[in-house]
Structure formats: structure tokens, C-alpha cells
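[1] Turn this into a structure:
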Amino acid sequence: MSIDDARSFGLRLRLRRLLACVCLLGLGASHAQTIESVLAPGPVIKGHAKVEHDCKACHLPFNRTAQDALCTSCHKEVGRDILQHTGLHGRHKQQTCRACHTEHRGRDAKLAAFDQKTFDHGGTDFALHDKHVGVACEKCHLAGKRWREAADTCVGCHSKDDPHAGGLGPRCEDCHSARGWSASSFDHDTKTRFALTGKHGKAKCDDCHAKGHFKDTPRACVACHRKDDEHKGRFGDKCETCHGSAGWKPSTFDHDTATKYPLKDKHRELKCNSCHKGMLYEQKLETTCVACHAKDDKHKGNLGRQCADCHSERGWKDSQGFDHARTRFPLLGAHARTACKDCHTDTLYRQTPRTCVACHRKDDKHQGNLGEGCAACHRETRWQAVDGLFEHDKTHFPLRHAHAAPTVTCRACHASQHEFRNTATACIGCHRKDDKHEGNLGERCDSCHTDAGWRVERFDHTRTRFALAGQHLVVACKSCHLSLRFKEAPRDCIGCHRKDDRHKGTLGASCANCHNVRAWPLWEFNHDLSTRYRLEGKHRGVRCESCHVRQAPASAAIAPLSSNCAGCHRKDDPHEGRFGQRCEQCHVPAGWHEIHSTTAPGLSNGS
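    Take a look at the predicted model:
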């Protein structure tokens, strides 16, 4: 700022302060308006020039909040937008008018200037989409008109683009969108009486509506497709009865429900012209088989005209339609898969025999030995399948467990297929080679074994002379029976446990006198009751081997011992035999140093 400008600014500032003081001193209203006019920061735009000297038209002294109401009182359309929340002013966040529109900047100032490139059109009542985006503003906002006066309907801008020349009304948006004129969004299904389905949905409008003519378009198929009618009008004009919009082929006509003659199997593969050779609605066809197939009857009429009794629509060769169960010979098993000619050698079916041997005599491997009642053992499934039909339980040898099929075949026991009656029923008859005992246990295999298998799972050992108890129950058979000759196994303890005898035979071979089958350590021998020598005092804690040091003879249960004290304690006699061998006259079993209280006079303890 120059010195002159600074001086001028200071002068104006002092003048304003002076005028403000005059107003505060109570000058008249007319003087106040003059002062405000003088204090105006600059000229207003041309549109506001007529009220430039009437400050009250836009300002109220000392009340800035009232200024917006004065603006909308003149700009009524803006005020209406704000109240209704429409338009640019009604959609934006409420601000004061002067926040965007600043006055007193000169006659040619741009009071509503904005950046057209960054302006968000979504804040208006006409958001820009698709092809509207990027269009220059002047294309819609014409020169000389306000921004808000731009047209908001399609025809307002695109009336010259209407190929229908107004024939479909002004609501272009009913069919078209901002994506382009070609992309029609018209819902033909709900807005017309002809819903577009199938291939009609892919057809162009001009295919049906020639030259943009939409009203009074015919809806009948033949109106557009008469040239496509392969039937040449023989089936009438109601194409939709048989065909659908998905395509001419395949036909959608349901012969099963629309007529009294349902089509099945081979009939469903035929073309309509194969049966309907004349006018469809004038010629009625017969529904009997011979009406069309008389020339195909190989029976030459001998079996009547009811072809359906034997044949079906699956084909002439397929005679499964005939219910053979209605005859005296129902077809079961392999018979159901047998061709008719295998049993019926001519077309006179009634003379066919019904017995098995009539057809299967050459298949009888028993050569007639078992008679002609094949059905007693065999079934219709196949000759080899006799299980489940022949009841072996009715014989003297019911088949159970491992003997039952399919584990064992008939040939395994019946070597000859001609004779079954003389087959052995004893185990040894078939299993002599399986006898691992080599006949040592006789021929009653069933005494130990069962027909579930050779392995003996639960042999009752109580039936022998050696019942198993205690630890013997969990011992493997081979631990005692060293060979399959079971009868040779020893029954006394020492026979198996000699190596376990810690006494080295000094206590004899009758282990059971002290031990039991539960466990070796659990022994119990009552010396007082079982012998003639009661154990008293220190004798009770002495180990058996301390006294029994000699091995017993084979015939004795235990080696005989002396019952007097000197027998064991001769080396402990301090008297060296001078008092004899009756130690118990002075000493007691509690200890050598303890003597009887009734000892002879002259002897004392320790003598």
C-alpha cells in the first residue's frame, strides 16, 4: 500500500467513526440512511441497482440474521426450494445467503459464480447418470436463461431425436434410459397384453412393430409366423397349442393330457405326421394297435386283436407287457429273462409243457437218480443255486456254522452228484486227515470240537480228572500238554513245576500240602495240626529248610526228622552231652538262655 493510499484509508476510517458517533447521538432516520449509503463498501450488481439507495431492502440495522429472510422475500423461487428441500438451495446444508453470494463488488460482479468443472450435479433435482455425465453445461442450460430454468424432461432436450414423432407421448423414460436411446427399458410384460417370453424377448422391436407402428399390432402367432408353418395349415392357426416361445422345436404339446391317447415309449419318438396325415381337426384316428400295425402282426391274427396283452409301446420284440403270472406258469428267476421262443417253439403257446424236465432233462447231472422233482432242490434263478431252497435241516445232518453255505459247497461232502443218501454223517468221515491227535483221542471229535471250527475256544476241563482253577485257568494248553496226546499230561504239581521247587525236594512232591493254585507265594501249612511236632517260641520264625535239609524219598511226602532237640541243636549244646539229650527238661523254645523255673536245685540260669 502506498503512502497516499494509507492516508486515504485513514481519512475514511476517521470519517466513519465520526458518522457513527453522530448516529449514536440520536440523529434522525433520514440522516441515518444517508450515512449508511455513504458507508456502502461498493456498488451493487445491475440487478440490485434499483434498491442500491434503499439499504433496508436488504439489511436491517444491527440484525444480520434477518438478511436471509429479506433475500427470499424477493427471490421467492429460492425461498420455496429451501422450504420444500428441493433444488440446489433446498438440498444443500443451510448457510447464510452472503456465505455464497457477496454483494457490493461492482455492477458487473458475478454474484452466483461457481466452478462448472467441480460442481456436483447430484445436489440438484436432476442427477447426471450414464451419457448425461460429461455433457457440456450449455447443452442443457441455454444462454439468456437461468440455471434453474433448464428443462428436466427428455423431450425438453430430445424432441428432435424422437423417431416416433410424438406418437408414443412425451414420457420417453417409459422405454428409454440415460444409457442411450437404443437400450430400451420398456417392460413389455406388464404394460402390454403380450408378454415377451423365450425368443420373443430377444427379438427387435422392428421385427414385430414395422416402421415404429406399435398400436393394434396383432398377437396371433400366424400373423408373424405363417411362413414358418411346416404343417401348411393342416393343424389350424393355433400354433401356441403345440409350440412355445422358446422355439418351434421341440413341440410343447402334451399328448398325454390334451388327448385321450397318452404317448409312451416308441410312440413318443414318432413325428405327428406319422399318424396324423390329414386335417387335424377333421380326421379322428382310431386308438387300437391293429389300426396302424395290422401288417406287423406275426401271429397272423391267431392270438386276436388285443396286441397290448403281450406287447407294449417299448417295441414288438419287448413282450414284457404280457403278464405271464396270469397263466398257469408264472415266470420267476431266470425264466423271466428267457426268450419266448426258447420255450414256445411255435405261435400256439398253449401246448407248451410246464414240468422242469420237459426243458431241462439234458441239464440233469443226477442222471435221473433223484427223480423228476427238480423244484425240490433247485430254483428258477439257476441250477447251481440250491441254497435256501433245499432244506438240509430236514435230513439227518443239519448244516450249521462252518458247514453252512457258502463256506462249504455240496461237492465238498457229496463227492458224487449222482448219489447223496449214503454220505457219512460222523466228523471223522470227512475230517480224518484233519485229526491232529492221530486217533489217540478216539473218533468222537464232537466231544471237544464244534461245527463252528476246529479251534477249541472253551473246552470244559472239569470233565477231566484235573479241574482247572486259579492260575491254571489262564495257562495256555501247550504249557502243560507238550504234545497233542493230551491224556499223557501229568496231573501232580511236581510234574510241571519241578523247576519251580525252591525246596529242592526236601519237602517232598506233595506241593498242594502248602501251596495253592492261586499263586506259589500264597502258601499255608499248619505244622501244629498236620504233624506231631508243634512249633513254639523261636521255632515259629524258622524257615522250613533250616530243619528239613535232606531230600525226601520218592515214596514219602517229606523226609523224616528227629523230634528231640539234639536232632537239630547238637552243635548248640554247651554241656557237650553231659546232661543228656532231653534239652526240654531245662530249656524252653523261647530261647536257650531261658530255662524252666522248676529247675533242679543247684542249677541256675546260665549253668
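[2] any weak-confidence spans in the stretch 501-607 of the chain?
    552, 554-557, 559, 597-607 (pLDDT under 70).
[3] Where do the strands of it begin and end?
    587-588, 591-595 (DSSP state E, counting those that start in this stretch).
[4] who does the longest one pair up with?
    For strand 591-595, the paired strands and their directions (DSSP bridges) are strand 587-588 (antiparallel).
[5] What sits closest to Val357 if chain neighbours are left out?
    Residue nearest to Val357 in three dimensions, not counting chain neighbours: Glu372, with 4.8 Å by C-beta to C-beta, 6 or more residues apart in numbering. Heads up, the C-betas are built off the backbone N, CA and C, glycines and all.
[6] That neighbour is in contact with Thr355, isn't it?
    Yes: using C-beta atoms under 8 Å, Glu372 makes contact with Thr355 at a distance of 7.0 Å.
[7] Flag the shaky bits of the stretch 151-300 of the chain, pLDDT-wise.
    Applying pLDDT under 70 to the stretch 151-300 of the chain picks out residues 183, 212.
[8] Please name the residues that touch Glu77.
    Under the criterion of C-beta atoms under 8 Å, 6 or more residues apart in numbering, the contact list for Glu77 reads Arg148.
[9] That one and Asp125: what is the separation?
    13 Å (C-beta to C-beta, to the nearest Å).
[10] now Phe329
    Separation of Phe329 from Asp125 (C-beta to C-beta): 91 Å.
[11] what about the helices in the stretch 51-200 of the chain?
    Assigned by DSSP state H, counting those that start in this stretch, the helices in the stretch 51-200 of the chain fall at 67-74, 76-84, 87-91, 137-140, 154-158, 188-191.
[12] for the chain, what spans make up the strands?
    Applying DSSP state E to the chain gives strands spanning 176-177, 180-184, 587-588, 591-595.
[13] With distance to Trp520 as extra columns, can I get the ones you listed in TSV?
    Putting those into TSV (distance: least, C-beta to C-beta, whole Å) gives the following:
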stretch	distance to Trp520
strand 176-177	104
strand 180-184	104
strand 587-588	34
strand 591-595	32
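[14] Save these as a markdown table, and put in distance to Asp434 and mean neighbour count too.
    Formatted as a markdown table, the strands of the chain follow (distance: least, C-beta to C-beta, whole Å; neighbours: other C-beta atoms under 10 Å):
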| stretch | distance to Asp434 | mean neighbour count |
| --- | --- | --- |
| strand 176-177 | 94 | 17 |
| strand 180-184 | 92 | 12 |
| strand 587-588 | 71 | 18 |
| strand 591-595 | 70 | 13 |
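[15] Out of those, the one nearest Pro250 is which?
    strand 180-184 (30.8 Å; C-beta to C-beta).
[16] what's Asp256 in contact with, if anything?
    262-263.
[17] Is Cys224 in contact with Cys208, as I believe?
    Yes: judged on C-beta under 8 Å, Cys224 makes contact with Cys208 at a distance of 6.4 Å.
[18] What is the neighbour count of Asp162?
    Residues lying near Asp162 (other C-beta atoms under 10 Å) number 18.
[19] go on, the one 3 residues further on?
    Here the number of neighbours of Ala165 (other C-beta under 10 Å) works out to 8.
[20] same deal with Asp152?
    If we define neighbours as other C-beta under 10 Å, then Asp152 has 11 of them.
[21] surely it meets Leu128?
    No: using C-beta under 8 Å, Asp152 is not in contact with Leu128, being 11.9 Å away.
[22] For the stretch 1-150 of the chain, give me the ranges with low pLDDT.
    Across the stretch 1-150 of the chain, the ranges flagged by pLDDT under 70 are 1-39.
[23] so which of the strands of the chain comes closest to Ala57?
    Nearest of the strands of the chain to Ala57, taken as C-beta to C-beta: strand 176-177 at 46.6 Å.
[24] and the closest one, what does it pack onto?
    Secondary-structure packing of strand 176-177 (3 or more C-beta pairs under 8 Å, 6 or more residues apart in numbering; DSSP states H and E): strand 180-184.
[25] what's the strand it packs on packed up against?
    Against strand 180-184 (3+ C-beta pairs under 8 Å, 6+ apart) you get strand 176-177.
[26] Give me the residues contacting the strand it packs on.
    So strand 176-177 is in contact with 130, 154, 183-186, going by C-beta under 8 Å, 6+ apart.
[27] Tell me who's in contact with Cys343.
    Per C-beta under 8 Å, 6+ apart, neighbours of Cys343: 352, 359.
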